[in-house]
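> 3D, please:
(2 chains)
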There are 2 protein chains.
Amino acid sequence: MKKSIITISREYGSGGRMIGKMVAEKLGISYYDKEIIAKVAEATGFTEDYIEKNGEYSPSKSIFAYSVVGRDRSGSSMNDYIFSVQRKIILEIAEKGPCVIVGRCADDILADYENSLHVFVYGEAEENIKKVMASNHVSEKEALKLMKMTDKKRSINYNYYTDRQWGKAQNYDICLNSSAFGYEACADIISEIAK
Amino acid sequence: MKKSIITISREYGSGGRMIGKMVAEKLGISYYDKEIIAKVAEATGFTEDYIEKNGEYSPSKSIFAYSVVGRDRSGSSMNDYIFSVQRKIILEIAEKGPCVIVGRCADDILADYENSLHVFVYGEAEENIKKVMASNHVSEKEALKLMKMTDKKRSINYNYYTDRQWGKAQNYDICLNSSAFGYEACADIISEIAK
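Numbers count the residues shown, from 1 in each chain, chains lettered A, B, ... in the order given. Prediction:
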């Protein structure tokens, strides 16, 4: 396989996680998403729930909360600490062998990693909304709010911990519109390129 | 062929034009780039040189020139007229049958066109610079200036004539980093998807 480390960044509702799983299955390689949360929780002693809320959406908490409870005496925040542990774990995962890693700035952490393929998955807003409505059992208005909030948090986190702009085509090797092709075809395209 | 109208938007120096030509050859379909200039020149009576300078980079001329010589009595500018003719010609080309069209806001003009595939090609800045230096016989500094100016003009033109932002992944079905894959592989990926 030419590209053995595949990172997938995604818009909320675009199906990036599902596509990542499909790619891992097609290529017979490991898949990491929530698994990273468990590893970071174990390494830091925080609960998985805390890591899930803070590992990908960190500096978006209120400035008040951040300034009062978020910083330790060295000047770095708990979120910085979680990000640092998460970064180390992602580097270890990549060292272990071929895999698909979803989210968590893995594209930036592994930017210069040999044989890596960095993918961004997005979708048409109308389709993303429908999918978020169905999977979260919420109204159109609530789905739109959830999408905007999630992507905004992901974007703030990404822009904070990398020197890049989240979702900018130039960060990735390939960007795919899942609404145009469907999940299966996106997974096929990525798998074929990786091979 | 599932996707018979392929539009290619590209960063200057990314090889998008070359990739477009390769795709047309691989699929055995028509290729339009400079050919559109000749058609617009014929339809408007302007020289090809004038159309080349104004057909893809229109509202970037100085505001002074635009306000003094650019507008006819109806309030629209010569550039608006050229864009309108160019738009009509692109729609006619798409009606004729399978083809690859490079640049000229064709992705927006044919956004809702059935069986269309809209591609954005970009590259690593360092590689783009080297290619522009070689093809234009200019220094690194001049190449960088030329790239920035060309992409800025393309971007202003695109943002002016469409309701979109040039180069934003979400406008396209697929975005490809030509530095990551090379021209041939990019052309293969596009051709396979089109099939």
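> lowest average confidence, helix or strand, in chain A?
Every helix and strand in chain A was compared by mean pLDDT, DSSP states H and E; the lowest is helix A:63-69, with a mean of 46.
> so which strand or helix has A:Asp31?
That one is not Asp; residue A:31 is Tyr. In this assignment (DSSP states H and E), A:Tyr31 forms part of strand A:30-32.
> buried ones in that strand?
For strand A:30-32, burial by neighbour count (16 or more other CB atoms under 10 Å in any protein chain shown) applies to A:31-32. Backbone N, C-alpha and C define where each C-beta goes, glycine included.
> direction included, what does that strand pair against?
Here strand A:30-32 is paired, per DSSP bridges, with strand A:99-102 (parallel).
> show me what secondary structure element comes after the partner strand.
helix A:106-109.
> from the centroid of chain A, which residue is nearest?
With distances taken as CA atoms, centre = their mean, the residue of chain A nearest its centroid is A:Gly103 (1.1 Å).
> wait, doesn't that one sit right on A:Arg10?
Yes. The criterion here is CB atoms under 8 Å, and A:Gly103 meets it with A:Arg10 at 7.0 Å.
> show me how far stretch A:26-43 is from its chain's centre.
12 Å (CA atoms, centre = their mean, to the nearest Å).
> meant to ask about stretch A:108-123, not that
So, by CA atoms, centre = their mean, the centroid of stretch A:108-123 is 11 Å from its chain's centroid.
> what comes up buried for that stretch?
Buried, per 16+ other CB under 10 Å, within stretch A:108-123: A:108-110, A:113, A:116-123.
> contacts (any at all) between chain B and that stretch?
Yes. Stretch A:108-123 reaches chain B (CB under 8 Å from any CB of the partner chain) through A:117, A:120, A:122.
> rounded mean pLDDT for that stretch, please.
For stretch A:108-123, mean pLDDT is 91.
> figure out the length between the terminal residues of that stretch.
Taking CA to CA, to the nearest Å, stretch A:108-123 runs 22 Å from one end to the other.
> quick one: the strands in chain A?
Assigned strands in chain A, in chain order: A:5-10, A:30-32, A:99-102, A:116-122, A:174-177 (criterion: DSSP state E).
> adding distance to A:Leu91, write the ones you listed out as JSON lines.
What follows is the strands of chain A, written out as JSON lines (distance: least, CB to CB, whole Å):
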{"stretch": "strand A:5-10", "distance to A:Leu91": "11"}
{"stretch": "strand A:30-32", "distance to A:Leu91": "12"}
{"stretch": "strand A:99-102", "distance to A:Leu91": "11"}
{"stretch": "strand A:116-122", "distance to A:Leu91": "12"}
{"stretch": "strand A:174-177", "distance to A:Leu91": "23"}
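> just to revisit the earlier point, residues in contact with the residue nearest to the centre of chain A?
Residues in contact with A:Gly103 (CB atoms under 8 Å, 6 or more residues apart in numbering or on different chains) are A:8-10, A:16-17, A:33, A:56, A:154.
> likewise for A:Val132?
Counted by CB under 8 Å, 6+ apart, A:Val132 has contacts A:12-13, A:138, A:143, A:146-147.
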